[in-house]
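Engineer: Kindly generate the corresponding structure for this input.
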Amino acid sequence: MAGLGFCTAFSSPRAPWLVSGANRGGVMPCKALRKRSVEIRAEVNFVNAEEAKKLIAEGYAVLDVRDKFQYDRAHINSCHHVPLFIENKDNDFGTIILRTVHNNFSGLFFGLPFTKPNPDFVQSVKSEFSPDSKLLLVCQGGLRSAAAAYKLENTGFQNISCITSGLQAVKPGTFDSVGSTELQNAGKAGLVTIQGKISAVLGTVLICAYLFITFFPDQAEKLLQMAPAS
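Structural biologist: Prediction:
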């Protein structure tokens with residue numbers, strides 16, 4: 001044992017210098033430690049919309065990781081689009097069942113596509129950017145951009161920022177955008193986009209019915225009597 005020398009490997013949830021395969025929290029030979037590769041990772045920087053605008057002015061490239069449907073509705077001008085999730089068009093029995101259920105609920109009410117993780121996400125980003133590139137990742141709600149940031153961070157990217165709460169928290173006019181709607185509304189589709197109009201129509205009908213019954217009770221009673229019995 002004499003002359004071998006030992007070093008301690010410390011464990012922490014945010015300790016990017018940990019040696020892969022080490023007995024975390026224990027001790028291991030220094031020779032073995034020197035033979036292992038040490039991974040250095042940078043912290044992901046979360047910023048608000050105004051801070052993100054400054055980063056773009058400083059040379060950060062905007063990487064939009066939303067699905068194609070949201071991207072087409074509205075996106076920041078001159079951004080790069082590499083979706084973290086892609087539409088799932090698989091035709092195995094299980095996927096068909098799940099897609100049918102999704103399309104009849106989330107798809108119908110919120111206009112969300114049935115998706116799956118993009119297996120080529122990291123490789124696609126690497127084909128456009130080098131690990132030392134300055135990237136501002138955006139999505140609609142902030143979750144996908146955070147997940148994408150950590151994926152890229154684990155593969156060597158060290159200058160990554162994300163907009164906290166995503167584009168849904170961005171005020172109109174903050175960024176130069178392209179599309180048929182505002183950036184904060186790009187995640188809205190399906191019946192949810194017209195629920196306000198439906199509620200307004202139903203409310204108006206109910207109010208009119210109430211007023212008619214209140215001020216013209218005799219006519220209302222005759223109409224009810226003429227209604228076919230169920």
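
Engineer: quick one: contacts for the residue nearest to Asn159 when sequence neighbours are not counted?
Structural biologist: Nearest residue to Asn159 in three dimensions, chain neighbours excluded: Lys134, at 4.3 Å (CB to CB, 6 or more residues apart in numbering). C-beta coordinates here come from the backbone N, C-alpha and C atoms, glycine included. Lys134 makes contacts with Leu55, Glu58, Gly59, Tyr60, Ala61, Asn159, Ser161, as judged by CB atoms under 8 Å, 6 or more residues apart in numbering.

Engineer: Over to Thr164?
Structural biologist: Thr164 touches Phe46, Val47, Asn48, Gly142, counting by CB under 8 Å, 6+ apart.

Engineer: Does Lys151 touch Val122 like I think?
Structural biologist: Yes: counting by CB atoms under 8 Å, Val122 is a contact partner of Lys151 at 5.9 Å.

Engineer: quick one on the thing from earlier: adding pLDDT, distance to Gly173 and neighbour count, write the contacts of Thr164 out as a markdown table.
Structural biologist: Shown next, in a markdown table, are the contacts of Thr164 (pLDDT from 0 to 100; distance: CB to CB, whole Å; neighbours: other CB atoms under 10 Å):
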| residue | pLDDT | distance to Gly173 | neighbour count |
| --- | --- | --- | --- |
| Phe46 | 95 | 22 | 17 |
| Val47 | 96 | 18 | 16 |
| Asn48 | 95 | 15 | 13 |
| Gly142 | 94 | 20 | 19 |
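
Engineer: Pairing partners for the nearest residue to Ser78 once chain neighbours are set aside in the sheet, please.
Structural biologist: Counting by CB to CB, 6+ apart, Ser78 lies nearest to Val62, which is 7.3 Å off, once chain neighbours are set aside. Using DSSP bridges, the bridge partners assigned to Val62 are Leu136.

Engineer: and Val62, how far is that from Leu135?
Structural biologist: 8 Å (CB to CB, to the nearest Å).

Engineer: Output the below-cut-off pLDDT ranges for this protein.
Structural biologist: Applying pLDDT under 70 to the chain flags residues 1-42, 102-111, 189-216, 220, 223-230.

Engineer: can you give me the strands in it?
Structural biologist: 6-8, 27-29, 45-47, 61-64, 74-76, 80-81, 85-87, 115-117, 134-138, 159-163, 177-179 (DSSP state E).

Engineer: In TSV, list those strands along with distance to Val101.
Structural biologist: Putting the strands of the chain into TSV (distance: least, CB to CB, whole Å) gives the following:
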stretch	distance to Val101
strand 6-8	52
strand 27-29	50
strand 45-47	34
strand 61-64	28
strand 74-76	28
strand 80-81	28
strand 85-87	16
strand 115-117	14
strand 134-138	29
strand 159-163	31
strand 177-179	29
